Structure formats: structure tokens, C-alpha cells
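[1] Requesting a structural model of the entry that follows:
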Amino acid sequence: MLMVLIVLAFITGWTFVYGTYYILAYDRLLMEKRLKMIKTQSTLKVHRNEELQRPFMDRAVRPLLRWIYAVTRRFTPVKKRVDLEKKLVLAGRPLGLSSHEFISLYYAVAALLGLTGFLLALAGRLNIFSRLLCGLWGMIIGYFLVELYLKIKTKNRQEQILKKLPDVLDLLTVSVEAGLGFDAALSRVVQKIKGPISQEFSIALQEIKMGKQRKDALKDLGIRTGVEELNAFISAVIQADQLGVSIGNVLRVQSMQQRNTRRQRIEEKAMKAPIKMLLPMVFFIFPTVFIVILAPAVIQMIENLSK
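    Numbers count the residues shown, from 1 in each chain. As a prediction, the model looks like this:
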């Protein structure tokens, strides 16, 4: 009985103290509650604005691609992911997607075009076999469209690297002959020249600064680009470094060689231009010329024969 009285007295005392504090501090507690609510709403608004300012690719496309990969990862061979990673490196990692996300892009585009083909066949009131066939063709076309996009990006990137390579070698030659070291000359190239080749040299410089050997960093650069001319230059630089040959002489020879190679490439394209122009001339220009020249004579002949 005494224990019960003690407990009741404690509860009564605690309730009295808390009630007194609540009555006296009611306004301050209410203000703190409102300030906390305003702060929470403001924080949510800031997060919402930051979310809306992010690119649509990061807000919507990437989460969707990750979800697709989470569903399809068990059906995707490991070799496919490895091969795709190599292709993405050669293409400069378009859209900033990883190999997992790009695999999901294959599935997404194939499914989208397959569904489009099926719906078009359904709208055309074709039979069920034709609908399935149109859906299948849509999926195949979607898959190869993504593959074609990757090949085009790779080719364009390699062409940009090949186009900038003689200028890069000239700048390297001038910088080395002016007294800079090879790494400092590469840094100057990164500062002065823009494009994929500058980005690749920047990555190689970062790897060298992190402790990677120069020859290994340059070899990896050649693997990432897949350009034969750049690989030949890298091999010459590595060989000169191992044999102790003057790097300035090697750079000068490589620069002249790349200039001659580019001139020959341009002459080759100029020689192919007439042959490439022959097809549109035969099918588009010549028929128009024949119509303009022969149409009046044909009309006059028809009028004379009709009299």
C-alpha cells in the first residue's frame, strides 16, 4: 500500500511540474514548433528545387535503366557486359552511361520499338501472326539502332582524335624543344587543345601522377582510343624512352609523318569523291536533265502526230 502511494505521489508531482512548465512555456513551445515546421518545409523545397534542376537523364532515365538492369541482370551473359564495356570506352562513354545502364538501354529501346510495331500492326487490323512478326522486327531494329549509335559515336570520336593528332604532335614538339619535359608538354596540350584527345591525355597524366608508369599509362591511352596512328606514336615514344633517344627528334619525325598521312588521307577522299557523286547523278540529276531537255520535244512530237 505504501508503494502504491509513493508511485501515485510521484506521478502526481511529475504531472504538476510538467503541466506548470507547459502552461508557462506554451508560447515558446508553439513558436519552436512553427519554426521547425517552416524549416522542414524550406528544406523540402530546397531539395525539390535541386531535384528539378538536375538533368532529366539523372532524374528519370538513369533510375529506369537501373531498374531494368536489376530485372534483366540474371539473363545477361558476363561476356556481353565485358565486350560492351570495351565498346563504351572506345566510344568515350556516350551519355555517361555505365555498361549495366547501356545494356538496359538495349532492352528498353528494343521493347519500345517492338511494342510500337505491334501496336501499328494492331491498328492496321493484321492477323495475330503479323502482329507478332511486326513486334519481333521492331525489337530487332531497336537493338541494332542502339548498336549503330554506339558504332557511330566510336567512329566520330576516332575521327576527331585523328584530326587533332597532327596539331597535338606539333605542340608537343614545340614544347619539348622549348625546354619542357614530356609530362609538362602533355599538360600544355591538355590546356591548349580541346576534344577527346585532350581528355585522354588528361586521364593519362592523372594516372602518371598517381604513380603509374608512363609507358603503361600511354599504352592504356592507346587502348582507350583504338586509333592506329596514335598507337604508332605511343610506341615510338615508349621505344625512345627505353633506348634513351632524344624525345624531341622522335616528336618531330612523328609530326611530319602524321602531316603526310593526313595529306594522303585527304587526297584519297578527294579521289573517291567523283565515284561517290556518280550514284546521285545517275538517279537524281540525269533524269531531271533528260526531262528538261526532252520533254518539249516529246510534247511537240505528240502534238504533230495527233493532227
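
[2] and stretch 89-103, which residues are buried?
    By neighbour count on 16 or more other Cβ atoms under 10 Å, the buried set for stretch 89-103 is 89-94, 97-103. Every residue, glycine included, has its C-beta placed from N, CA and C.

[3] Beyond the lowest-mean-pLDDT helix or strand in the chain, next helix or strand please.
    Scoring the helices and strands of the chain by mean pLDDT, DSSP states H and E places helix 56 at the bottom, with a mean of 58. With elements assigned by DSSP states H and E, the helix or strand that comes after helix 56 is helix 62-72.

[4] Need the residues that contact that next one.
    Thr76, Leu97, His100, Glu101, Ile103, Ser104, Leu105, Tyr107, Ala108 (Cβ atoms under 8 Å, 6 or more residues apart in numbering).

[5] can you tell me the helix or strand for the fifth one?
    I take that to be Ile103. helix 99-123.

[6] Next, the most centrally placed residue in the chain: phi, psi?
    The residue lying closest to the centre of the chain (Cα atoms, centre = their mean) is Pro94, at 1.2 Å. Main-chain dihedrals, Pro94, degrees, to the nearest 10: phi -60, psi 140.

[7] which residues touch it?
    The neighbours of Pro94, taking Cβ under 8 Å, 6+ apart as the test, are Leu88, Tyr149, Leu150, Lys153.

[8] same check, this time on Ile208
    Asp183, Arg214, Ala217.

[9] Looks like the last one contacts Phe201 (just checking).
    Spelled out, that is Ala217. No: judged on Cβ atoms under 8 Å, Ala217 makes no contact with Phe201 at a distance of 9.8 Å.

[10] any idea how far Gly124 is from Arg28?
    Using Cβ to Cβ, to the nearest Å, Gly124 is found at 73 Å from Arg28.

[11] do the same with Trp67
    From Trp67 over to Arg28 the distance is 48 Å, taken as Cβ to Cβ.

[12] Can you report how many residues lie near Gly195?
    Using other Cβ atoms under 10 Å, Gly195 has 14 other residues around it.

[13] and if you look at Ile203?
    Per other Cβ under 10 Å, the neighbour tally for Ile203 reads 15.

[14] what does Met277 give?
    By the measure other Cβ under 10 Å, the count of residues near Met277 is 11.

[15] And the one 4 residues further on, by the same measure?
    Summarising burial for Met281: neighbours were counted as other Cβ under 10 Å, giving 12.

[16] Pull the residues that contact stretch 234-251.
    169, 172-173, 176-177, 182, 214-215, 218-219, 221-222, 253-254.

[17] Just the CA atoms of it, as PDB, please.
    The C-alpha coordinates for stretch 234-251 follow below in PDB (Å, rounded to 0.1, in the frame of the first residue of the first chain):
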ATOM      1  CA  ILE A 234      52.900   6.000 -78.400                       C
ATOM      2  CA  SER A 235      55.000   3.000 -79.400                       C
ATOM      3  CA  ALA A 236      57.700   5.400 -80.800                       C
ATOM      4  CA  VAL A 237      57.700   7.500 -77.600                       C
ATOM      5  CA  ILE A 238      58.000   4.400 -75.400                       C
ATOM      6  CA  GLN A 239      60.800   3.000 -77.500                       C
ATOM      7  CA  ALA A 240      62.600   6.300 -77.500                       C
ATOM      8  CA  ASP A 241      62.300   6.500 -73.700                       C
ATOM      9  CA  GLN A 242      63.700   2.900 -73.300                       C
ATOM     10  CA  LEU A 243      66.600   3.400 -75.700                       C
ATOM     11  CA  GLY A 244      67.500   6.900 -74.500                       C
ATOM     12  CA  VAL A 245      66.800   8.600 -77.800                       C
ATOM     13  CA  SER A 246      66.100  12.300 -77.900                       C
ATOM     14  CA  ILE A 247      62.300  12.700 -77.500                       C
ATOM     15  CA  GLY A 248      62.400  16.000 -79.500                       C
ATOM     16  CA  ASN A 249      63.700  14.200 -82.600                       C
ATOM     17  CA  VAL A 250      61.100  11.500 -82.300                       C
ATOM     18  CA  LEU A 251      58.300  14.000 -81.900                       C
END
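
[18] Now Gly135: which helix or strand?
    Going by DSSP H and E, Gly135 is in helix 128-177.
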